[in-house]
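Colleague: After the sequence you'll find the predicted model.
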Amino acid sequence: MPNGGRASDSPNILIILNDDMGFSDIGCYGGEIETPNLDRLAANGLRYSQFYNTARCSPSRASLLTGLHPHQTGIGILTYSNGPEGYAGNLNKSCVTLAEVLKQKQYKTYLSGKWHISSSLTEPTDAWPLQRGFDYFFGTIIGAGSFYNPNTLTRGNHNIEHEAETNPSFFYTDAISDQAVAYIRQHKRAHPETPFFQYVAYTAPHWPLHAHEEDIAKYKGRFDAGWDRLREQRLQRLVDDGIIHPNWQLTDRDPTQPPWTEAENREWTLRCMEVYAAQIDRMDQGIGRITAALEETGQFENTLIIFLSDNGACAEDIPEGVTARELVDQLMIAKATTRRGEPVHFGNNPSILPGGEDTYQSYGTAWANLSNTPFRLYKHWVHEGGIATPFIVHWPRGIKEKGGLRHNPSQLPDIMATIVDVTGAKYPTFYDGHPILPCEGESLVPSFASAYTGRSPLFWEHEGNAAVRIGKWKLVRKYPGPWELYDMEADRTEMHDLAAQNPERVRAMSEQYHLWAKRCGVIPREKILELMKAEGGAAFWEEEKQT
């Protein structure tokens, strides 16, 4: 390993994060979507079957970048203030980002894509990228928006929405990829002896369903078998590939959704999934250009590449009853008109096919159920469907095995610990005059050479949904319901609740959870709701529409 060596001996670090994608969507995790570039990284690197995010976009990004649990960073829910410390919706000064840590090791730092960990969307603050260690930033501050004309598009600290508004060919996924490529080439020209850290944060495939027609056309007919049959086929591919144990049962279809044979509005329903697939396809094309740039500049062999998703698939429809004004003015995630001045049609209207700039739709629960095959629930919850992500690690100079699988449970804070390990950087106890909380992660470096077991407990909490995993046991709760207990070696799809048969284990694990929650600043959901209701406004609306 390069610990103690010159800065130029340290590997480049490239983290690629996408937005709202399910566990089994991409090709190398059993899906029908064509992702040859991610498949190539997996075939020449490692895939992890039990890596976990935090079930929601802002908390996952905060945790990934800092090595802490999200409540410790100030991002307890989203980037709206929910009152108390830990829920300010703004990256605080008790944490350091990967960019801040790696700059101490002379790394140049670049970000292309979505930020979404600052409560200020238009005015630069100390929670914006350039103020948190990045030398260069191109992307959006807000969490979602049009792919053709995104809100809060920023370069450095300056709003550049006009660049999209005046460019008829602008498409955000392509822009993220192209900027990442440009940064790679720029770095090689200007700093050939210095390592880089690049964070590429796509918004694909988060709604709205926006994609190029040529990409959508590739998937015509691909999903015609329907969600029931496709879930069975995906599970079989996952089993055949060794990612899922053959004894784990496929979860039941979401009870709110009809069998495929009874699905209505079939043309529109299929189109939704085709556009969703096209969004991921376009992202993969961009990843291909990024890896090609690394190869062409001679930086591929010593670049540690990590790919993952920020949460499980999203079962949200564009909020039923929400008005365009709420989306446009209050939440800043949309614009009322296209670049040509035409009105945008908000909501899942089956008479309007998604994909174009004048639409704002989502693919819904039934397809999200497919995306999360074989698991239960979705983004927002901490059952496996909400927190399980594909996780690919590729580093030719540091990982010799090609196409390996790793089944050791891990989670987002481990990324900071891993990068500190491989770069020889020092995680600080103080930074910029502020005491810094200890890193919560454990390095994945031992797993680069071989599988291993025996890590410390894993914890989650999001809006009252809570879980702790200790070894093979997972205690999990869907707020406001009771604790459930699962043996993850025998039943990772969480089909057989063993809580009633194991009351002492439930008690002991719940005690560990509550100790963790107190230490990390988790506040009971009931108290948060009281604060939100008292304050009113966008934050309360955003949370209540999820409940």
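Modeller: Great, that's in hand.
Colleague: Next up, identify which helix or strand Leu304 is on.
Modeller: Secondary-structure assignment from DSSP states H and E places Leu304 in strand 303-309.
Colleague: and that strand, how far from the chain's centre?
Modeller: Between the centre of strand 303-309 and the centre of its host chain there is 12 Å, according to C-alpha atoms, centre = their mean, to the nearest Å.
Colleague: Give me the helices and strands touching it, please.
Modeller: Applying 3 or more C-beta pairs under 8 Å, 6 or more residues apart in numbering; DSSP states H and E, we find strand 303-309 packed against strand 12-18, helix 36-43, helix 266-296, strand 388-394, helix 413-423. Glycine gets a C-beta too; all of them are placed from N, C-alpha and C.
Colleague: rerun that using 6 Å as the cut-off
Modeller: For strand 303-309, the contact count by 3 or more C-beta pairs under 6 Å, 6 or more residues apart in numbering; DSSP states H and E identifies strand 12-18, strand 388-394 as packing neighbours.
Colleague: so what strands line up beside the first one?
Modeller: For strand 12-18, the paired strands and their directions (DSSP bridges) read strand 196-201 (parallel), strand 303-309 (parallel).
Colleague: any chance of these in a markdown table, plus mean neighbour count, mean pLDDT and distance to Asp174?
Modeller: Conversion of these to a markdown table gives the following (neighbours: other C-beta atoms under 10 Å; pLDDT from 0 to 100; distance: least, C-beta to C-beta, whole Å):
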| stretch | mean neighbour count | mean pLDDT | distance to Asp174 |
| --- | --- | --- | --- |
| strand 196-201 | 26 | 98 | 13 |
| strand 303-309 | 24 | 98 | 18 |
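Colleague: any low-confidence regions in this protein?
Modeller: Regions of the chain meeting the criterion pLDDT under 70 cover residues 1-8, 82-83, 319-326, 329-330, 532-547.
Colleague: Name the residue closest to the centre of it, please.
Modeller: In the chain, the C-alpha closest to the average C-alpha coordinate belongs to Asp310, at a distance of 1.1 Å (C-alpha atoms, centre = their mean).
Colleague: ok, now which ones touch that residue?
Modeller: Leu17, Asp19, Asn53, Cys57, Ser60 (C-beta atoms under 6 Å, 6 or more residues apart in numbering).
Colleague: and Leu121, how many residues sit next to it?
Modeller: Applying other C-beta atoms under 10 Å, we find 18 residues neighbouring Leu121.
Colleague: check contacts around it.
Modeller: Ile141, Ile142, Thr152, Met332.
Colleague: same thing but 8 Å
Modeller: Going by C-beta atoms under 8 Å, 6 or more residues apart in numbering, Leu121 touches Thr79, Ile141, Ile142, Asn151, Thr152, Met332.
Colleague: Repeat that for Leu64.
Modeller: For Leu64, the contact set (C-beta under 8 Å, 6+ apart) comprises Ile15, Leu17, Asn53, Asp310, Leu412, Ile415, Met416.
Colleague: Show me which pair in those is furthest apart.
Modeller: In these, the most distant members under the criterion C-beta to C-beta are Asp310 and Met416, with 15.7 Å between them.
Colleague: What would the strand holding Leu304 look like as CSV? C-alpha coordinates only.
Modeller: Extracted in CSV, the C-alpha atoms of strand 303-309 (Å, rounded to 0.1, in the frame of the first residue of the first chain):
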residue,chain,number,x,y,z
THR,A,303,-7.3,5.0,-10.0
LEU,A,304,-9.5,3.4,-7.3
ILE,A,305,-13.0,3.6,-8.7
ILE,A,306,-16.0,3.1,-6.5
PHE,A,307,-19.6,2.9,-7.9
LEU,A,308,-22.8,2.9,-5.8
SER,A,309,-26.3,4.3,-5.4
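Colleague: got the angle for it vs helix 36-43?
Modeller: On the basis of axes from the mean of the first three to the mean of the last three C-alpha atoms, to 10 degrees, strand 303-309 is oriented at 110 degrees to helix 36-43.
Colleague: hang on, the earlier thing: now distance to Asn92 too, for the contacts of Leu64, in CSV please.
Modeller: Written out in CSV, the entries for these read as follows (distance: C-beta to C-beta, whole Å):
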residue, distance to Asn92
Ile15, 21
Leu17, 21
Asn53, 20
Asp310, 20
Leu412, 17
Ile415, 19
Met416, 16
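Colleague: Looking at the residues you listed, which is nearest Tyr360?
Modeller: Distance from Tyr360 was checked for each of those by C-beta to C-beta. The minimum falls on Asp310, at 20.6 Å.
Colleague: Next, count neighbours for Asp432.
Modeller: A count of nearby residues for Asp432, using other C-beta under 10 Å, gives 10.
Colleague: who touches Leu238 in this structure?
Modeller: Each residue near Leu238 by C-beta under 8 Å, 6+ apart is listed here: Ser24, Tyr29, Gly30, Ile244, Thr373, Pro374.
Colleague: correction: Gly356
Modeller: Contact partners of Gly356, counting by C-beta under 8 Å, 6+ apart, are His210.
Colleague: Perfect, I'm done here.
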